[in-house]
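**Q** Okay, predicted coordinates and the sequence, questions at the end:
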Amino acid sequence: MHALITGGAGSIGSRLAAALIERGDRVTVVDVRADPVAPSASFERADVRVGETQAAGFIDGIVAETRPDAIFHLASLLSGSSETDSELAWRVNLDGIRNVLEAARIHGLGRVLFPSSVATFGMGVGDTVTDDSPQWPAGLYGVTKVLGERLGVYYYQRFGVDFRCVRLSAMVAPTAPAAGAASAFVCELYIGAVRDGGYTFKVYPHSRIPLVWVDDVVGSILQLHDAPANQLSRRVYQVMGSNPTVQEMADAVRRRMPDVKLGFDPDPVPAGVVDSWASSMDDTTARADWGWAPRFDLEGMTDAVLAELAAEGSAG
């Protein structure tokens, strides 16, 4: 297979590119960054927006030239940055997905994969969200993800574009998250523990949050891509790895780093946002339709992220 990955130099994209190459697929990475991350991938430096310096047909041109079998559309402005620059968020997140879907329609691509987010649900949805829980997001990032989901389903129903979407829980990765995101602590905890010897939470210890490790994110995207069409009962699925309390996350780190200094100094604003979220995501349909099952629970995820951060530190 030849896969095209927009946002392919990012945290998910670089790992996805490496996983595709490892299994023998050919990969073209599209990103605004100057250098590709994954070895053996072709690279196109480009912007998914439509604007004064971006031609509306540039994705169409890349698709026409490279002829991929599938597009993994990961390019996105995340939650904190979306609130800071709403115009940029609209153009990257919404013009981007429309450009990709149009290119898929015009050139008859096999498949379009799109990651969505638990941020599409907003406040007051209850403890557990299902695939079809009401989506009334509180932030612009969540709004753009809801619209991306709906637009993809429209292109599937209207034009037959094989759109498939994974709605993710809060993702843990060994990279610094976007500034301003209320869920940033799920990565900052581990980064702070390894690099600074400690971390102070701005959320409450009792808060419970659905999590997924970045490698399980990549695995879920590949699984959904590979699933036979006749096994799919829907176009948007959600996945979760575990849903610990913040205190349980801290305790898991302490068991591995007894001298780490972890504390709580809740800020009512981000703490209130996190407390308003659903504490669990029902991923029963993904499990039934295409065999989704996370490989990393809280303990496995903690081992993985701390090991990667330690390796980065020793390499540096």
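**A** Good, I have the coordinates.

**Q** List the contacts of residue 247.
**A** Going by CB atoms under 8 Å, 6 or more residues apart in numbering, residue 247 touches 205-206. All C-beta atoms are positioned from the backbone trio N, CA, C, and that covers glycine.

**Q** before we move on, what about residue 135?
**A** Counting by CB under 8 Å, 6+ apart, residue 135 has contacts 120-122, 142, 146.

**Q** Is it possible to mark the buried ones in these?
**A** Buried by 16 or more other CB atoms under 10 Å: 120-122, 142, 146, out of the contacts of residue 135.

**Q** would you list these in TSV and tack on pLDDT, distance to residue 294 and secondary structure?
**A** Below are those laid out as TSV (pLDDT from 0 to 100; distance: CB to CB, whole Å; DSSP: H, G, I helix; E, B strand; the rest coil):
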residue	pLDDT	distance to residue 294	secondary structure
120	91	20	helix
121	91	20	coil
122	81	24	strand
142	87	23	helix
146	95	24	helix
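
**Q** Can I get the residues you listed in TSV including distance to residue 64?
**A** TSV is the format used below for the buried ones among the contacts of residue 135 (distance: CB to CB, whole Å):
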residue	distance to residue 64
120	32
121	37
122	39
142	33
146	30
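
**Q** where are the low-confidence patches of the stretch 51-200 of the chain?
**A** Along the stretch 51-200 of the chain, the model assigns pLDDT under 70 to residues 51-57, 79-81, 178-180.

**Q** ok, which stretches of it are helices?
**A** Secondary structure of the stretch 51-200 of the chain (DSSP state H, counting those that start in this stretch): helices at 58-66, 79-84, 86-89, 96-107, 140-159, 185-195.

**Q** ok, and what's touching stretch 202-210?
**A** In contact with stretch 202-210 (CB under 8 Å, 6+ apart) are residues 118, 169-170, 183, 185-186, 240-247, 250, 264-267, 270-271, 274-275, 277-281.

**Q** Same question for stretch 121-128.
**A** Residues from elsewhere that reach stretch 121-128 (CB under 8 Å, 6+ apart): 129, 133-139, 142, 273, 276-282.

**Q** roughly how far out does it sit from the chain middle?
**A** On the basis of CA atoms, centre = their mean, to the nearest Å, stretch 121-128 sits 19 Å off its chain's mean C-alpha point.

**Q** per the record, what domains does the protein have?
**A** Using automatic domain parsing, the domains assigned to the chain come out as 2-171+212-241+279-295, 182-207+243-278+306-315.

**Q** which one of those domains is the most hemmed in?
**A** Highest mean neighbour count of the domains of the chain: domain 2-171+212-241+279-295, a mean of 19 (counted as mean count of other CB atoms under 10 Å).

**Q** OK, contacts around the closest residue to residue 74 other than its chain neighbours?
**A** Excluding its sequence neighbours, the residue lying closest to residue 74 (CB to CB, 6 or more residues apart in numbering) is residue 7, at 3.7 Å. Residues near residue 7 by CB under 8 Å, 6+ apart: 13, 30-31, 48, 73-76.

**Q** Equivalent analysis for residue 74, please.
**A** So residue 74 contacts 5-8, 10, 12-13, 16, 115 (CB under 8 Å, 6+ apart).

**Q** Correct me if wrong: residue 166 contacts residue 234.
**A** No. Counting by CB atoms under 8 Å, residue 166 stays clear of residue 234, with 11.6 Å between them.

**Q** got a list of what the residue positioned nearest the centre of the chain touches?
**A** Geometric centre of the chain, nearest residue: residue 115, 5.5 Å, by CA atoms, centre = their mean. Counting by CB under 8 Å, 6+ apart, residue 115 makes contact with 12, 74, 76, 165-168, 217, 221.

**Q** if we can go back for a sec, quick one: which of the contacts of residue 7 is nearest residue 105?
**A** Taking CB to CB as the measure, residue 105 sits nearest to residue 73 out of these, at 13.5 Å.

**Q** Is the closest one in contact with residue 111, as I believe?
**A** No. Taking contacts as CB under 8 Å, residue 73 lies outside contact range of residue 111: 10.7 Å.

**Q** Give the other helices and strands that the helix or strand containing residue 20 contacts.
**A** Secondary structure from DSSP states H and E places residue 20 in helix 11-22. Contacts defined by 3 or more CB pairs under 8 Å, 6 or more residues apart in numbering; DSSP states H and E place helix 11-22 against strand 2-6, strand 26-31, helix 214-226.

**Q** Just checking: what are the partner strands of the first one?
**A** Read that as strand 2-6. In the sheet, strand 2-6 lines up against strand 26-31 (parallel), strand 70-73 (parallel) (DSSP bridges).
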